[in-house]
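> The sequence and its predicted three-dimensional model are supplied below.
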Amino acid sequence: MPELPEVEFCARKLRGWLDGRRIDAVEATPGRPLIDVDPVALARDLVGRRVAGIRRLGKQLFVDLSGERCLLVHLGMTGKWVPRAAQKRKHARLSLRLDDGRWLDFIDPRKFGRIRLLRSAALESDPEIGRLGPDALLLSRQPRTLRPILQRTKRAIKVALLDQSLLAGVGNIYAAEALHRVRVDPRAPADTLSPRKSAALARALGAVMTESLERETDDEITYLQEARASNPFDVYGREGEACVQCGGEIRRFVQQARSTFWCPRCQRPKI
DNA sequence: AACGGAACCTGAAAGC
DNA sequence: TGCTTTCAGGTTCCGT
């Protein structure tokens, strides 16, 4: 599923496909992932605009457009942008024809994505955007800045890492991977991590996300649950297998209604 | 504030 | 084989 590295990968691809292009035609299907947007009105509002840049904050994508507009895109669980090959892909929800004649399709089988068109001036005051914490990848380069963020909550560290208002971009997979790498119990209260562990965790988050990003070489990203994907992770999806760090058995439990994978042997509740 | 649970969605995989 | 159930997880919302 798209977490920060997958969204960053998407942003980089979009820069190549979209940046500087003019939108000449639009096709959109009503309902999700369009939120409170009439497809016809959206098309009318998009056509003729030129793409001024692509930005990312956490899992949010910002396609900056001429005329002080911004197309906000959240990939949700299954969203991805793909250049159209022979014909429009199944599950295409929004399609853009660019001034090079090519079509770009946003496909999203499960419709968990979100797409909105906003005035640029309205971005900061938007509740969804304004609430986001600092970007996790940027923060990982200032490892000591994580501690004060974790000090703000007593919730379990795994749960805190998924809170986008504390830190933007970390999802279920990378939270588990980073905690495993620094051998922190996912149940440990966030505010009990020492300065040393907090900094190590920040670096581990940066490392696991960067490594994932470097694995992406194709034009189209393959999400983990899709048929062709093999599991590149140390603990995620590896219940019952041996821990690569200590040989212990990887276990799974449900935390805040989602799976947490961990090694009870090397991720001890010490802190 | 924190937490559990449900809802939103569909396809793949597992179970029968 | 074919039908049914379960599971996946980003986000929001609701009740406790």
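Structure's in. What do you need? Numbers count the residues shown, from 1 in each chain, chains lettered A, B, ... in the order given.
> Would you map the strands across chain A?
Secondary structure of chain A (DSSP state E): strands at A:23-28, A:51-57, A:60-65, A:69-74, A:80-83, A:92-98, A:103-107, A:114-119, A:251-255, A:258-262.
> How about the residue of the stretch 1-150 of chain A found nearest DNA strand B, nearest residue that isn't a chain neighbour?
Relative to DNA strand B, the nearest point of the stretch 1-150 of chain A is residue A:110 (3.6 Å; CB to the nearest atom of the strand). (C-beta placed from N, C-alpha, C; glycine too.) Leaving aside its chain neighbours, residue A:110 sits nearest to residue A:78 (4.6 Å; criterion: CB to CB, 6 or more residues apart in numbering).
> nearest residue to the residue in the stretch 151-271 of chain A that DNA strand B sits nearest to other than its sequence neighbours?
For the stretch 151-271 of chain A, the residue closest to DNA strand B is residue A:155, as judged by CB to the nearest atom of the strand, at 3.5 Å. In space, and not counting its chain neighbours, residue A:155 is closest to residue A:190: 5.8 Å by CB to CB, 6+ apart.
> go on, residue A:22?
Per CB to CB, 6+ apart, closest to residue A:22 is residue A:99, 4.2 Å.
> Quick check: that neighbour touching residue A:21?
Yes - using CB atoms under 8 Å as the test, residue A:99 is close enough to residue A:21 to be in contact (5.6 Å).
> Those two: who's more crowded?
residue A:21 (17 against 11; other CB atoms under 10 Å).
> gap between that one and residue A:104?
Residue A:21 sits 9 Å away from residue A:104 when distances are taken as CB to CB, to the nearest Å.
> And for residue A:10?
In terms of CB to CB, residue A:10 sits 12 Å off from residue A:104.
> got it, and residue A:217?
Residue A:217 is 20 Å from residue A:104, by CB to CB.
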